[in-house]
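**Student:** after the sequence you'll find the predicted model.
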Amino acid sequence: MILRTPEYYHSFKCIAEKCRDNCCIGWEIDIDRDTASYYKSITGSFGERLRNNISDGSFILGSNERCPFLNSGNLCDIYMTLGEEHLCSICTEHPRFYEWFGSFKEGGIGLCCEEAARLILSQDMHITEKMTAEADDTQCDEELLKTLLTARDIIISHLRSGNLSDSVCTMLSFAEELQYRLDNGETELPQWKLSGSTEKPDIRGLLDHFAGLEPIDPHWPEYLKSLSSAPDELPELSAEQEIWLRRIGEYFIYRYFLKGVFDGEILSRVKLAAVSIWFIGWLWRNKAADNGACSFEDCVWLAKNYSKEIEYCEENLEALADDSYCIKQLTSPGIKGLFCGS
């Protein structure tokens, strides 16, 4: 089958102890069956340590929810003792993700990882293809898949040019019309017609909505609470930051849009991309207001934190998808106001 990935996918390499965050802290780490079986075969003191720190198919987290094999230098003792090839699947693959669509498979790297976020923000998304020996029997509606592939290409191409807020508003209008057509058995794509509004959004209401989601990092709710007192007037995004936001938008559309072939849900996933573009940009503007500037590394850090909270909690993703049909800000007028309002 064909494996399709962004070019930067192949450049990713874990930076281990240099990472300011750590995927071995605060996450439940499940161990796949083959690796668990191998760990049971290890003899000596390290084998005993392995067995004493595994329960119900997961590592037993220690103080501050650290993996028991993450040493004081923030390096993995399993990696150092047994070799990279004997890490469990999730440790080997994270932050990579995959989705299967019958004759092809798509992969990428997740924004929740600091180093992955650097690559996503700093490089344009160029899709590469290669043949793999992998077989898959996932069944897709081929006609719908073809329609969605074309629609995704249209959205991404327009995210790369023109006024960013207009592009996002038009993306939402395009998705609304496409969802309506698909719901009524039509597969013809709507036209891309520039749309927008200057409606003033309820920023505090949207902050309250995010604050009501399940936190991954215990400091996240307090951080959101601090944003409720943000000034009305915020610095504008720089030209470079707009480019980085466009790339974040491409990432969300690439990662989630085609999933609609399985459940028919298009609009909620486009709204996820739209509100993510806005909210991450708004975080950057707040950082600039507080510090006088928001550097590339600041932008990476804030985008990574947002992704960690939203993308890597299934309940939060589902809640945002479910609520996207009734939250005022998740509409073309609201999004336009979020970009253009203070």
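**Tutor:** Received it, and whenever you're ready, just let me know what you need. Residues are numbered from 1 along each chain as shown.

**Student:** give me the number of residues near the residue lying closest to residue 194 once chain neighbours are set aside?
**Tutor:** With sequence-adjacent residues excluded and distances taken as CB to CB, 6 or more residues apart in numbering, residue 194 is closest to residue 170, at 5.4 Å. The C-beta positions use only the backbone N, C-alpha and C, and glycine is treated the same way. By the criterion of other CB atoms under 10 Å, residue 170 has 22 neighbours.

**Student:** for residue 170, phi and psi?
**Tutor:** With angles defined as degrees, to the nearest 10, residue 170 sits at phi -70, psi -40.

**Student:** wait, it sits on residue 177?
**Tutor:** No - counting by CB atoms under 8 Å, residue 170 does not reach residue 177; the two are 10.6 Å apart.

**Student:** could you count how many residues lie near residue 86?
**Tutor:** Residue 86 has 15 nearby residues by other CB under 10 Å.

**Student:** got the phi and psi for it?
**Tutor:** Main-chain torsions, residue 86, degrees, to the nearest 10: phi -110, psi 20.

**Student:** OK, contacts around it?
**Tutor:** 35, 38, 78 (CB atoms under 8 Å, 6 or more residues apart in numbering).

**Student:** how does it look with 7 Å?
**Tutor:** Residue 86 is in contact with 38, 78, counting by CB atoms under 7 Å, 6 or more residues apart in numbering.

**Student:** again with the one 5 residues further on
**Tutor:** Residues near residue 91 by CB under 7 Å, 6+ apart: residue 29.

**Student:** can you do 8 Å?
**Tutor:** Contacts of residue 91 by CB under 8 Å, 6+ apart are 24, 29, 76, 78.

**Student:** pick out whichever of these sits closest to residue 271.
**Tutor:** Nearest to residue 271 out of these is residue 29 (CB to CB; 31.5 Å).

**Student:** tell me the spacing between the nearest residue to that closest one once chain neighbours are set aside and residue 35.
**Tutor:** Among residues not flanking residue 29 along the chain, residue 59 sits closest, at 4.7 Å (CB to CB, 6+ apart). According to CB to CB, to the nearest Å, residue 59 and residue 35 sit 11 Å apart.

**Student:** so which of the two has more stuff around it?
**Tutor:** residue 59 (23 against 18).

**Student:** how far away is that one from residue 134?
**Tutor:** From residue 59 over to residue 134 (counting by CB to CB), the distance is 28 Å.

**Student:** name the residues that touch stretch 287-298?
**Tutor:** Against stretch 287-298 from outside (CB under 8 Å, 6+ apart): 121-122, 230-231, 234-235, 240-241, 244, 284-285, 302.

**Student:** from those, which two are the most distant?
**Tutor:** Spanning the widest gap among the contacts of stretch 287-298 are 122 and 231, at 29.3 Å by CB to CB.

**Student:** just list the residues touching the closest residue to residue 124 other than its chain neighbours, thanks.
**Tutor:** Among residues not flanking residue 124 along the chain, residue 247 sits closest, at 6.9 Å (CB to CB, 6+ apart). Residues counted as contacts of residue 247 (CB under 8 Å, 6+ apart) are 120-121, 123-125.

**Student:** and the helix or strand harbouring residue 247, average pLDDT?
**Tutor:** Taking DSSP states H and E as the criterion, residue 247 maps to helix 239-256. Throughout helix 239-256, pLDDT has a mean value of 97.

**Student:** go on, stretch 105-120?
**Tutor:** What stretch 105-120 shows for mean pLDDT is 97.

**Student:** how about that stretch: buried residues?
**Tutor:** Within stretch 105-120, the residues that count as buried by 16 or more other CB atoms under 10 Å are 105-106, 108-120.

**Student:** picking that back up, in TSV, list the contacts of residue 247 along with secondary structure.
**Tutor:** Output for the contacts of residue 247, formatted as TSV (DSSP: H, G, I helix; E, B strand; the rest coil):
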residue	secondary structure
120	helix
121	helix
123	coil
124	coil
125	coil
